[in-house]
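>>> would you be able to build a 3D model of this:
(2 chains)
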Amino acid sequence: DGGITQSPKYLFRKEGQNVTLSCEQNLNHDAMYWYRQDPGQGLRLIYYSQIVNDFQKGDIAEGYSVSREKKESFPLTVTSAQKNPTAFYLCASSTPSRTSTDTQYFGPGTRLTVL
Amino acid sequence: AQSVAQPEDQVNVAEGNPLTVKCTYSVSGNPYLFWYVQYPNRGLQFLLKYITGDNLVKGSYGFEAEFNKSQTSFHLKKPSALVSDSALYFCAVRENGYNKLIFGAGTRLAVHP
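Alright, predicted model coming up:
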């Protein structure tokens, strides 16, 4: 899991609540990513950021929001608009993709359960 | 559009036997291919990647993968499986010039004593 930390490890949310998942990296990577993992579906990209103060939607961005105010941090907010938020959330980081050889390194994940 | 297929949901191998986990891909340009492993309730760990050069790529924990352009495959292999290799394995592809990794659905490897 390297120099990427995610907190909390487990998170429980009531329906209608917004929650924020933390992701911090000390690898000096410019790019950061959020994925969602559901059983049997692999990983799907929610949002990614190549540089501070910039981010792009991934394949399943609806109901989620992010910010990138610092290079080290890329928090993900799961809003009440996300219809099925129960999942395992993984954060990753990499060197800038323009190098064409970047490898994404993953944090330990946060398991979110909606009660 | 980019895609990755892992045709086997589960692979069962006896300890000490060779193992293969299959992956095929579809991209329009040059592919960058990756293998990751995931243990229960953990993040993904990078195993190896193919960017260019030799078709046989060696990675962590004794794993290797063979890139076959004509068959658009990137199968993961290990000569002698260990019980501790039991985990979920993901193949991923990134097309040259794009930012996103596309992951396969994963293959669960079970190594029996």
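>>> return the residues of chain A in contact with chain B.
Within reach of chain B by C-beta under 8 Å from any C-beta of the partner chain, chain A has these residues: A:1, A:4, A:6, A:31, A:40-45, A:48, A:50, A:56, A:58, A:88, A:90, A:92, A:97, A:100-101, A:103-109, A:111. C-beta coordinates here come from the backbone N, C-alpha and C atoms, glycine included.
>>> buried subset of the residues you listed, written for PyMOL?
Of the residues of chain A next to chain B, the buried ones go into a single PyMOL selection, burial set by 16 or more other C-beta atoms under 10 Å in any protein chain shown:
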select buried, chain A and resi 4+6+31+42+43+44+45+48+50+58+88+90+92+97+103+104+105+106+107+108+109
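>>> any stretches of chain A with poor pLDDT?
Across chain A, the ranges flagged by pLDDT under 70 are A:1-2, A:96-101.
>>> direction included, what does the helix or strand hosting A:Phe55 pair against?
A:Phe55 is part of strand A:54-57, with elements assigned from DSSP states H and E. Its sheet considered, strand A:54-57 pairs with strand A:43-51 (antiparallel) by DSSP bridges.
>>> for B:Arg94, which non-adjacent residue is closest in space?
With C-beta to C-beta, 6 or more residues apart in numbering or on different chains as the criterion, B:Arg94 has its nearest non-adjacent residue at 4.4 Å, and that residue is B:Tyr32.
>>> what's the burial count for that neighbour?
Using other C-beta atoms under 10 Å in any protein chain shown, B:Tyr32 has 22 neighbouring residues.
>>> quick check on it: phi, psi?
phi -110, psi 120 (degrees, to the nearest 10).
>>> that one contacts B:Glu95, doesn't it?
Yes - counting by C-beta atoms under 8 Å, B:Glu95 is a contact partner of B:Tyr32 at 7.4 Å.
>>> nothing else from me, thank you.
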